[in-house]
Every structure is written in C-alpha cells, then in structure tokens.
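In: A predicted structure for the sequence below; I have some questions about it.
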Amino acid sequence: MTIKELFSEQTSHQVEPREELIKDSDFGRHWEVYTPLNGTVYFVRGHCFIAGEGRIEQEFPVAQDTRYRLSLLAQMPGNVAGALTVVWQPSGKIETIAIPPSDIWTRYEKETVSPVGTTSGRVVLSGAHSKYDDVSLRPISKA
C-alpha cells in the first residue's frame with residue numbers, strides 16, 4: 001500500500017465534529033424569556049433561575065432522522081419539579097426530561113431521534129423555583 005492510499009483510507013474514517021445546537025448554553029442573549037404575571041426569570045453567573053410560571057425557549061435548526069443527546073444540569077430545591085422539553089417541528093412531537101426535586105446540582109441526559117421531515121426544534125425550560133445550567137443538544141449519528 002502506498003502512503004497516499006494509506007492516508008486516504010485513514011481520513012475516510014474520521015468522525016465529523018459534533019456541533020452544539022444550543023446557543024449560549026450557559027444563558028445569554030439567544031434565549032427568549034416568557035414571564036407571565038406570576039413568573040420571573042434571572043440569568044446570574046451562567047445559571048438560569050426560573051420562578052413561578054416563567055420559562056425560557058430557544059429555536060434551533062436540526063437534521064431529520066438524526067440521533068441527538070440532550071443534557072443539562074439542574075437543581076430543584078424544596079418540593080418543586082421542572083422540565084426540559086424539546087418540540088420537533090413541524091411534527092410537534094415532544095421529548096421531555098422530567099426533573100424531580102433535588103437540593104443538589106444533578107446532570108440529566110436523554111437520547112432522542114428527530115422525526116422524518118423535521119427541520120427545527122424548540123427547547124423549553126420551565127419549573128417553579130428551578131435552577132439550570134449547561135443545556136446541550138448535540139447530534140450523535142444518523143438514526
């Protein structure tokens with residue numbers, strides 16, 4: 001085998017980098033904030049604090065029929081629960097990570113597959129008295 005053939009063989013098996021789809025995963029200007037009358041949202045030192053019926057959302061482009069890893073850090077002090085929800089568009093299919101009460105920061109992960117025909121997704125974080133950090137959605141592979 002020549003060096004050229006060896007090089008071609010090695011490079012043809014390289015893995016593509018896996019792009020982060022959530023912008024400002026430590027929170028910033030790319031998030032849409034919704035605060036009804038009894039809801040508040042604060043971004044402090046890279047964390048998101050949500051109280052009452054507040055929520056934050058972000059839309060992102062995706063590939064159809066692709067496997068993704070969804071993850072985040074969350075803390076739900078007291079007796080409250082929260083959720084990270086992804087809504088695939090245009091199907092409206094929903095994937096949720098339910099977050100139970102916990103006084104310590106805990107990492108949650110879930111693998112999901114975008115439905116055939118999907119062009120975008122919307123991530124929604126909600127939960128009374130909840131704290132979030134390091135929200136991530138990355139492609140793993142074609143399904």
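Out: Thanks, I have it.
In: partners of residue 58 in the sheet?
Out: On the basis of DSSP bridges, residue 58 is bridged to residue 123.
In: and what of residue 97?
Out: Residue 97 forms beta bridges with residue 84, as assigned by DSSP bridges.
In: Could I get the contacting residues of it?
Out: 70, 72, 83, 84, 85, 108, 109, 110 (C-beta atoms under 8 Å, 6 or more residues apart in numbering). Heads up, the C-betas are built off the backbone N, CA and C, glycines and all.
In: Just the buried ones out of the residues you listed, please.
Out: Neighbour-count burial (16 or more other C-beta atoms under 10 Å) is assigned, among those, to 70, 72, 84, 85, 108.
In: Find the pair from those with maximum spatial separation.
Out: The largest distance within these, taken as C-beta to C-beta, falls between 85 and 108 and amounts to 12.4 Å.
In: And residue 124, how close does it get to residue 96?
Out: The span separating residue 124 from residue 96 equals 9 Å under the rule C-beta to C-beta, to the nearest Å.
In: and if you look at residue 81?
Out: If you measure residue 81 against residue 96 using C-beta to C-beta, the figure is 11 Å.
In: Equivalent analysis for residue 129, please.
Out: Residue 129 is 19 Å from residue 96, where distance means C-beta to C-beta.
In: So which of those two has more stuff around it?
Out: Counting neighbours by other C-beta atoms under 10 Å for residue 129 and for residue 96 shows that residue 129 has the greater number, 17 against 14.
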